[in-house]
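Q: Generate a structure from the sequence data that follows.
(one chain, ligands or ions: 4)
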Amino acid sequence: MSTAQYSDHDSHQKDDQVSQKPSTTLTTTTTTVLDTLARPLRDLRISVTDRCNFRCTYCMPKELFGPNFAFLPQNALLSFEEITQLVRLFAQLGVTKVRLTGGEPLLRRDLYKLVEMIHHVHGIDDIALTTNGSLLTPKLAHTLKEAGLQRVTISLDSLDDEIFMRMNDVSFPVQKVLDAIAVADDAGLSPVKVNMVVKRGVNDKGILAMAEHFRNTPYVLRFIEYMDVGNSNGWRMDDVVTASEILSTIGDVWPLTPIDASRHGEVATRYRYADGLGEIGVIASVTRAFCGGCTRARLSSEGQLYTCLFAGKGRDLRTLLRSGASEQEIVEVLENIWHIRNDRYSQLRTEATPHLPKVEMSHIGG
Ligand SMILES: Nc1nc2c(ncn2[C@@H]2O[C@H](COP(=O)(O)OP(=O)(O)OP(=O)(O)O)[C@@H](O)[C@H]2O)c(=O)[nH]1
Ligand SMILES: C[S@@+](CC[C@H](N)C(=O)[O-])C[C@H]1O[C@@H](n2cnc3c(N)ncnc32)[C@H](O)[C@@H]1O
Ligand code: SF4
Ligand code: SF4
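A: Residues are numbered from 1 along each chain as shown. Ligands and ions are numbered 1, 2, ... in the order given. The predicted structure follows:
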């Protein structure tokens with residue numbers, strides 16, 4: 001199977017916009033910039049820190065992210081002003097949605113101030129946060145909500161304490177994450193989504209328990225296929241529990257009906273329980289690639305711009321910002337980066353590609 005592709009290519013989102021030439025269309029308020037596959041730029045995922053208080057084995061294994069790991073020093077990070085300036089320029093190119101992530105984004109001091117600043121950027125109509133929930137107190141949740149954060153996604157891989165503690169590798173208990181989910185909902189950071197990365201032989205026996213727990217609640221549980229992000233997690237295809245397996249495991253007990261994406265380019269494929277008791281999603285980057293609708297750019301905490309989650313290299317925006325470049329110059333750089341973008345890693349994944357040098361997920365943001 002030396003060159004076999006794992007994915008069945010955008011099976012749920014049609015790659016129907018392919019064009020040979022990039023183009024730019026002027027609208028009244030923003031410029032819509034298209035990449036070489038005619039994909040617009042709509043989402044900016046911002047990693048606000050490369051640090052984390054968890055050591056999830058599939059993301060930041062302790063053997064590599066140990067006490068001697070060199071995280072970025074404070075002065076290497078983009079300031080809130082710099083991030084906001086970039087968000088403003090990205091908004092001019094069509095970005096409407098911002099997701100704050102990391103590492104663990106709630107480790108970044110005064111994050112609510114950044115939320116407030118982004119909230120005031122014209123054109124940004126959705127601000128979300130992905131977090132492990134460990135630091136989400138009721139007070140912080142309310143402060144973030146008041147600052148303009150609309151919704152949160154909280155990661156939880158198992159309801160079994162032993163398994164979850166082994167996966168986060170810092171003995172963090174399940175109940176505290178469940179509490180954080182409730183805290184987020186109480187603060188109106190909703191709909192709260194819950195992300196479960198499924199790894200074969202590790203937490204896959206808990207799929208049904210998770211589905212049962214979150215059925216008939218306001219929460220949307222999404223199952224994520226374990227991905228070959230970075231080079232540190234020892235990814236093997238054999239460890240991936242495919243979306244099909246996940247869906248049949250659940251569907252055999254509670255029949256599922258597919259539902260439409262809530263917007264173009266959504267990463268999760270959505271299903272409703274046929275009995276009306278809620279919905280789930282599957283994020284099947286490995287077996288059902290969704291690159292055709294990928295409108296996402298990623299900004300690392302030190303200002304590198306990545307046009308794919310699996311990129312090997314970013315483009316240094318911090319130096320540009322700090323060199324005194326004009327906003328027009330920066331916009332042109334961003335436009336050019338997006339114009340020549342041709343990333344579609346998940347569509348092209350073979351058994352050889354996981355070994356290519358890639359940025360770590362904790363660095364680029366999930
Ligand atoms: N391969 C791939 N995986 C992605 C991409 N974007 C998100 N993911 C995966 O999907 C997971 C869920 O993403 P979230 O951070 O919850 O955000 P989202 O699903 O984009 O958020 P919504 O706005 O709620 O749809 C991430 O943690 C990644 O594992 C992408 O562009 N490519
Ligand atoms: C990198 S984390 C950053 C935000 C925060 N620390 C958290 O865990 O929610 C973002 C998301 O990426 C997911 N993730 C990390 N490594 C992954 C992998 N190898 N495959 C699939 N998803 C992964 C996590 O489960 C989490 O939902
Ligand atoms: S998945 Fe999130 S919580 Fe887990 S190690 Fe990675 S960044 Fe930290
Ligand atoms: S693999 Fe890259 S191009 Fe494909 S959806 Fe993910 S980030 Fe986008």
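Q: give me the number of residues near the closest residue to ligand 2 within the stretch 251-366 of the chain?
A: Shortest the stretch 251-366 of the chain-to-ligand 2 distance, computed as C-beta to the nearest ligand atom: residue-wise this is Gly366, at 2.3 Å. Backbone N, C-alpha and C define where each C-beta goes, glycine included. Other residues near Gly366 come to 21 when the count uses other C-beta atoms under 10 Å.
Q: Would you mind confirming that it is in contact with Leu100?
A: No. With contact defined as C-beta atoms under 8 Å, Gly366 does not reach Leu100; the gap is 10.9 Å.
Q: who touches both of those two?
A: With contacts taken as C-beta atoms under 8 Å, 6 or more residues apart in numbering, the residues that reach both Gly366 and Leu100 are Thr130.
Q: And the pLDDT at the residue of the stretch 251-366 of the chain closest to ligand 2?
A: Model confidence at Gly366, given as pLDDT, is 75.
Q: List, one by one, the residues from the chain near ligand 1.
A: Counting by C-beta under 6 Å from any ligand atom, the residues of the chain lying close to ligand 1 are 99, 128, 130, 153, 193, 195, 224, 266-268, 283, 285, 294, 296, 309, 346, 366.
Q: And the residue of the stretch 51-200 of the chain closest to ligand 4?
A: With C-beta to the nearest ligand atom as the measure, Arg99 is the residue of the stretch 51-200 of the chain nearest to ligand 4, at 12.7 Å.
Q: what about the helix or strand hosting that residue and ligand 3, any contact?
A: Secondary-structure assignment from DSSP states H and E places Arg99 in strand 97-101. No. In this structure, strand 97-101 remains apart from ligand 3 according to C-beta under 6 Å from any ligand atom; the gap is never smaller than 8.0 Å.
Q: Given that strand, what are its sheet partners and their directions?
A: Neighbouring strands of strand 97-101 in its sheet, by DSSP bridges, are strand 43-47 (parallel), strand 126-131 (parallel).
Q: Buried residues of the first one, list them for me.
A: Spelled out, that is strand 43-47. Judged by neighbour count using 16 or more other C-beta atoms under 10 Å, the buried positions of strand 43-47 are Asp43, Leu44, Arg45, Ile46, Ser47.
Q: so which of those comes closest to Val333?
A: Leu44 (14.9 Å; C-beta to C-beta).
Q: Around the residue in the stretch 1-150 of the chain that ligand 2 sits nearest to, how many other residues sit close by?
A: Nearest to ligand 2 in the stretch 1-150 of the chain, going by C-beta to the nearest ligand atom, is Cys59, at a distance of 3.7 Å. Burial measure for Cys59: 24 neighbouring residues, criterion other C-beta under 10 Å.
Q: before we move on, the earlier item: Glu335: which of the strands paired with strand 97-101 is closest?
A: strand 43-47 (14.2 Å).
Q: Taking strand 43-47 as reference, get the angle to the helix or strand that the closest one is followed by.
A: Going down the chain from strand 43-47, the next helix or strand is helix 80-92, by DSSP H and E. Between the direction of helix 80-92 and that of strand 43-47, the angle (axes from the mean of the first three to the mean of the last three C-alpha atoms, to 10 degrees) works out to 160 degrees.
Q: re earlier: if I pick the residue of the stretch 1-150 of the chain closest to ligand 2, what's in contact with it?
A: Residues Cys52, Val229, Gly230, Asn233, Glu360, Met361, Ser362 are the ones in contact with Cys59 under the rule C-beta under 8 Å, 6+ apart.
Q: How confident is the prediction for the fifth one, by pLDDT?
A: Meaning Glu360. Reading off the per-residue confidence, Glu360 sits at a pLDDT of 86.
Q: The third one too?
A: At Gly230, the pLDDT value in this model is 86.
Q: That one belongs to a strand?
A: No. Counting by DSSP: H, G, I helix; E, B strand; the rest coil, Gly230 falls outside a strand, being coil.
Q: right, and it touches His355 too?
A: No. Checked against C-beta under 8 Å, the pair Gly230 and His355 is beyond contact range at 11.5 Å.
Q: Out of those two, name the residue with the larger neighbour count.
A: Shown here are Gly230 and His355; by other C-beta under 10 Å, Gly230 has more neighbours (23 against 10).
Q: which residue sits closest to Tyr345, ignoring its sequence neighbours?
A: Phe310 (3.8 Å; C-beta to C-beta, 6 or more residues apart in numbering).
Q: what's that neighbour in contact with, if anything?
A: Asp228, Val229, Asp343, Tyr345, Ser346, Thr353, Leu356, Lys358.
Q: Next, work out how far apart it and Trp235 are.
A: As defined by C-beta to C-beta, to the nearest Å, Phe310 lies at a distance of 11 Å from Trp235.
Q: Residues that sit against both of these two, list them.
A: In contact with both Phe310 and Trp235: Asp228, Val229, using C-beta under 8 Å, 6+ apart.
Q: could you measure the residue lying farthest from the centre of the chain against ligand 1, distance?
A: For the chain, the C-alpha farthest from the mean C-alpha position belongs to Gly324; by C-alpha atoms, centre = their mean, that distance is 30.6 Å. In this structure, Gly324 and ligand 1 are separated by 32 Å, where distance is defined by C-beta to the nearest ligand atom, to the nearest Å.
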